[in-house]
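In: How does the following fold in three dimensions:
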Amino acid sequence: MCINDVAIGVNVQEPRLYFTDPQQLLDIFSELEEQNLSLIQNSQETEEALEEMKQTVKSTKAKMYLYLVFYIPFFNNFCNFNEEYQCYM
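Out: Have a look, this model is predicted:
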(Lines give C-alpha, C1' and ligand atoms only; values in the text may rest on other atoms or scores of the structure.)
Protein backbone atom coordinates (compact mmCIF):
# COMPACT_ATOMS: atom_id res chain seq x y z
CA MET A 1 0.00 0.00 0.00
CA CYS A 2 1.30 3.38 -0.99
CA ILE A 3 1.46 6.37 1.40
CA ASN A 4 -0.45 8.50 -1.10
CA ASP A 5 -3.28 5.94 -1.14
CA VAL A 6 -3.72 6.28 2.62
CA ALA A 7 -3.60 10.05 2.49
CA ILE A 8 -6.26 10.17 -0.25
CA GLY A 9 -8.38 7.56 1.50
CA VAL A 10 -8.32 4.95 -1.26
CA ASN A 11 -9.35 1.55 0.01
CA VAL A 12 -6.68 -0.86 -1.30
CA GLN A 13 -7.52 -4.53 -0.90
CA GLU A 14 -5.09 -7.39 -0.85
CA PRO A 15 -5.45 -9.60 -3.95
CA ARG A 16 -7.41 -12.82 -3.42
CA LEU A 17 -5.38 -15.99 -3.55
CA TYR A 18 -6.47 -18.50 -6.15
CA PHE A 19 -5.25 -21.41 -4.03
CA THR A 20 -6.33 -21.50 -0.44
CA ASP A 21 -4.88 -24.94 0.35
CA PRO A 22 -1.48 -26.27 -0.76
CA GLN A 23 -3.13 -29.55 -1.76
CA GLN A 24 -5.05 -27.70 -4.50
CA LEU A 25 -1.79 -26.75 -6.18
CA LEU A 26 -0.42 -30.28 -5.84
CA ASP A 27 -3.61 -31.69 -7.36
CA ILE A 28 -3.34 -29.39 -10.36
CA PHE A 29 0.33 -30.27 -10.84
CA SER A 30 -0.54 -33.97 -10.70
CA GLU A 31 -3.30 -33.52 -13.27
CA LEU A 32 -0.99 -31.58 -15.58
CA GLU A 33 1.67 -34.26 -15.21
CA GLU A 34 -0.84 -36.97 -16.19
CA GLN A 35 -1.92 -34.92 -19.22
CA ASN A 36 1.69 -34.40 -20.28
CA LEU A 37 2.48 -38.11 -19.96
CA SER A 38 -0.59 -38.93 -22.03
CA LEU A 39 0.45 -36.46 -24.72
CA ILE A 40 3.97 -37.88 -24.77
CA GLN A 41 2.63 -41.41 -25.13
CA ASN A 42 0.29 -40.35 -27.96
CA SER A 43 3.15 -38.58 -29.67
CA GLN A 44 5.34 -41.68 -29.48
CA GLU A 45 2.55 -43.88 -30.85
CA THR A 46 2.02 -41.47 -33.72
CA GLU A 47 5.74 -41.45 -34.45
CA GLU A 48 5.80 -45.26 -34.54
CA ALA A 49 2.84 -45.29 -36.93
CA LEU A 50 4.62 -42.76 -39.13
CA GLU A 51 7.75 -44.93 -39.23
CA GLU A 52 5.66 -47.96 -40.22
CA MET A 53 4.02 -45.91 -42.97
CA LYS A 54 7.43 -44.78 -44.23
CA GLN A 55 8.57 -48.42 -44.42
CA THR A 56 5.41 -49.36 -46.32
CA VAL A 57 5.95 -46.53 -48.81
CA LYS A 58 9.60 -47.54 -49.24
CA SER A 59 8.62 -51.16 -49.87
CA THR A 60 5.89 -50.16 -52.32
CA LYS A 61 8.31 -47.92 -54.22
CA ALA A 62 10.79 -50.80 -54.48
CA LYS A 63 8.09 -53.10 -55.88
CA MET A 64 6.94 -50.47 -58.37
CA TYR A 65 10.53 -49.94 -59.50
CA LEU A 66 10.89 -53.69 -60.01
CA TYR A 67 7.79 -53.71 -62.21
CA LEU A 68 9.02 -50.74 -64.20
CA VAL A 69 12.53 -52.04 -64.72
CA PHE A 70 11.90 -55.73 -65.19
CA TYR A 71 8.32 -56.77 -65.80
CA ILE A 72 7.12 -54.10 -68.21
CA PRO A 73 10.06 -54.50 -70.64
CA PHE A 74 9.75 -58.28 -70.30
CA PHE A 75 6.08 -58.25 -71.25
CA ASN A 76 6.70 -55.78 -74.06
CA ASN A 77 9.35 -58.08 -75.48
CA PHE A 78 7.06 -61.04 -75.04
CA CYS A 79 4.27 -59.25 -76.92
CA ASN A 80 6.67 -58.28 -79.70
CA PHE A 81 7.91 -61.85 -79.91
CA ASN A 82 4.36 -63.14 -79.99
CA GLU A 83 3.44 -60.73 -82.81
CA GLU A 84 6.48 -61.80 -84.82
CA TYR A 85 5.68 -65.42 -84.18
CA GLN A 86 2.11 -64.87 -85.42
CA CYS A 87 3.46 -63.36 -88.61
CA TYR A 88 5.29 -66.60 -89.41
CA MET A 89 2.21 -68.71 -88.91
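
In: any idea how far A62 is from M53?
Out: Noted for A62: a distance of 15 Å to M53, by CB to CB, to the nearest Å. Quick note: C-beta positions are derived from backbone N, CA and C, even for glycine.

In: And F70, by the same measure?
Out: F70 is 26 Å from M53, by CB to CB.

In: so where's the chain uncertain?
Out: Applying pLDDT under 70 to the chain flags residues 1-11, 81-89.

In: Just give me the longest helix of it.
Out: helix 22-66 (DSSP state H).

In: gap between that helix and the chain center?
Out: Centroid separation for helix 22-66 versus its chain: 6 Å, with CA atoms, centre = their mean, to the nearest Å.

In: swap in stretch 52-71?
Out: Remark: stretch 52-71 is offset 24 Å from the chain centroid, using CA atoms, centre = their mean.

In: Please identify the buried residues of that stretch?
Out: Residues of stretch 52-71 classed as buried: none (neighbour count, 16 or more other CB atoms under 10 Å).
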